[in-house]
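Novice: show me how the following folds:
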Amino acid sequence: MNVLRKYWPDLGMLVVAATVIGIMMNYRSMSELSIILWLSFIAILVHQFEEYRWPGYFGGLFNIVIFKSEQPKHYPLNPHSAMIINLVIAYIFYLLPVFFPNLLWLALAPIFMGFFQFIWHGIFANIKAKTWYNPGLFAVLVFHFPIGGWYMYYITVHNLASTTDWIIGFVYFVVAVYFFIIKGNMWMKDIHSPYHFSDKQMGPYLTK
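Specialist: Predicted coordinates:
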């Protein structure tokens, strides 16, 4: 568990490499919808790598800037809770639609989350930190936005999604944000957590 807790963002990038190779080898036999969903899965893994490995100081942003924590290296977010929350988001919430591409509402929810990340990283967090960038924003602009836009365009042009798909997809997105991100962080916070972020993961906020 300690190895996974330390290296899960790096393992995610190995999954990215394997996924890219798999797409390149099989793209002729893959549907466009399937390719988009695999790319959406790649997007969240890149996003998580940016947040927790390079530049990797999302922990500092979250605990110091957003929550003004007096124990910022492990409260309210800590490396263990970050790992659990992010693995569930990536390997359940984002990966599941890949295997059920015809359930459009299942895929719409993570697509919506990708767009929502701009509100969090691009607007809210930057205003709080008084910056133009924070870890996660690059993946939002370079991966989530174009891939999500491609998905929206494809299902709209081909008239694939019903009104019910859009409604359920949005509701599922809201529920996922609430339970995975908001409540997940609250449930797993521990002022006595033995798992601490490094100085590097605190980033430029540590001395502020």
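
Novice: residue boundaries of the helices in the protein?
Specialist: 2-26, 32-52, 58-60, 79-88, 96-99, 104-117, 125-129, 137-139, 145-157, 163-176, 184-188, 199-202 (DSSP state H).

Novice: weakest of the ones you listed by average pLDDT?
Specialist: When the helices of the chain are compared by mean pLDDT, helix 184-188 comes last with a mean of 90.

Novice: name the residues of that helix that come out as buried.
Specialist: Neighbour-count burial for helix 184-188, counted by 16 or more other Cβ atoms under 10 Å, picks out 184-185, 188. For glycine as for every other residue, the C-beta is placed from the backbone atoms N, C-alpha and C.

Novice: tabulate those in JSON lines, adding columns for distance to Tyr75.
Specialist: Shown next, in JSON lines, are these (distance: Cβ to Cβ, whole Å):
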{"residue": "Gly184", "distance to Tyr75": "15"}
{"residue": "Asn185", "distance to Tyr75": "11"}
{"residue": "Met188", "distance to Tyr75": "11"}
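
Novice: quick check, nearest of those residues to Glu51?
Specialist: Asn185 (13.5 Å; Cβ to Cβ).

Novice: residues touching the residue nearest the centre of the chain, list them.
Specialist: Nearest residue to the geometric centre of the chain (Cα atoms, centre = their mean): Ile44, 4.4 Å. By Cβ atoms under 8 Å, 6 or more residues apart in numbering, the contact list for Ile44 reads 89-90, 94, 110, 114.
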